[in-house]
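>>> Everything below, folded, please.
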Amino acid sequence: VIVTGYRTQTRGSITGSVTAVTGSELKDAPYDNLSNALAGRLSGVTITQSAGTPGMESSIRVRGQATFNNANPLYVIDGIVSDKFAFDGLNPTEVESISVLKDGASAAIYGSRAANGVILVTTRRGKTGKPALNYSGIYGLQRPTKMPETLNAYEHASQVNLQLNYIKANPNDARYYTPDELDYFRQHSWNWVDEMWKDPATTQHSLDISGGSENVKYFLGGSYNKATGSFNNLDYEKYTLRGNVDVSVTKN
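The predicted structure follows:
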């Protein structure tokens with residue numbers, strides 16, 4: 001039996017319509033946000049990261065681009081309709097499970113809002129028992145597999161002269177490099193990438209406590225994430241705090 005919103009369906013009737021990933025598969029993933037952590041884990045879901053800037057989220061498309069207009073799926077977090085910003089704000093350690101409803105057979109209860117699919121997120125909640133404290137920490141370094149080779153100063157200046165000569169620019173054009181300038185560049189060159197490059201680092205810490213009795217269950221968790229870029233002024237920081245409390249006031 002598969003739970004889709006507020007009803008259940010047999011698995012056989014919606015084969016291929018629902019795909020899911022559990023929180024245990026995500027909690028140790030060293031990603032800046034939740035959408036990046038899902039890449040390659042959900043069949044029928046295309047996740048594309050447009051840039052490598054720290055903190056840059058990925059776009060999520062369910063079964064491809066079906067419209068020229070807004071193609072974002074509907075995000076539902078703990079039963080509440082939300083948006084992509086709130087989804088990416090979640091820390092993977094706070095997630096119990098993520099399910100994707102991919103077609104009308106499973107997502108019909110959400111109406112036209114589900115035209116581009118539905119992403120259902122269930123966050124972690126407390127369980128009956130003694131208080132349990134959990135900590136998770138990750139530190140990682142990234143190094144490029146290959147740095148692109150560039151022209152030195154003399155090679156660059158020579159290519160500029162060749163290009164100007166090719167378009168038959170005036171020999172007196174100020175854009176030409178003079179022979180003495182070329183001689184200077186033979187002995188003097190500066191690779192700014194080598195001077196400014198820094199290997200990016202990622203630091204993540206998360207701490208949560210959960211527990212409760214039969215009538216009151218609680219979960220409280222927080223996290224800190226910092227990622228540095230390849231150059232200065234590209235740092236990314238994120239703090240999260242989330243709490244869930246379930247209270248059974250009466251037997252009814």
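>>> So the most centrally placed residue in the chain versus residue 91, what's the distance?
Of all residues in the chain, the one closest to the mean position by Cα atoms, centre = their mean is residue 36, 2.9 Å from it. Remark: distance between residue 36 and residue 91 (Cβ to Cβ, to the nearest Å) = 12 Å. In short, each C-beta sits where N, CA and C put it, glycine included.
>>> which residue packs closest to the residue nearest to the centre of the chain, ignoring adjacent ones?
Once flanking residues are discounted, residue 36 sits nearest to residue 58: 5.2 Å by Cβ to Cβ, 6 or more residues apart in numbering.
>>> List the beta-bridge partners for the one you found.
residue 49 (DSSP bridges).
>>> ranges for the helices of the protein?
Ranges of helices within the chain are 34-37, 84-89, 104-107, 153-166, 179-187, 192-196, based on DSSP state H.
>>> any chance of those in TSV, with mean pLDDT too?
Converted to TSV, the helices of the chain look like this (pLDDT from 0 to 100):
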stretch	mean pLDDT
helix 34-37	86
helix 84-89	90
helix 104-107	70
helix 153-166	94
helix 179-187	93
helix 192-196	87
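>>> In CSV, could you pull the C-alpha coordinates for stretch 89-99?
C-alpha atoms of stretch 89-99 as CSV (Å, rounded to 0.1, in the frame of the first residue of the first chain):
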residue,chain,number,x,y,z
GLY,A,89,16.2,25.0,3.4
LEU,A,90,15.8,21.6,4.8
ASN,A,91,18.9,19.8,6.1
PRO,A,92,19.2,16.2,4.9
THR,A,93,19.5,15.0,8.5
GLU,A,94,16.0,16.4,9.2
VAL,A,95,14.3,14.3,6.4
GLU,A,96,12.5,11.0,7.1
SER,A,97,11.6,10.3,3.5
ILE,A,98,10.9,12.0,0.1
SER,A,99,8.3,10.7,-2.3
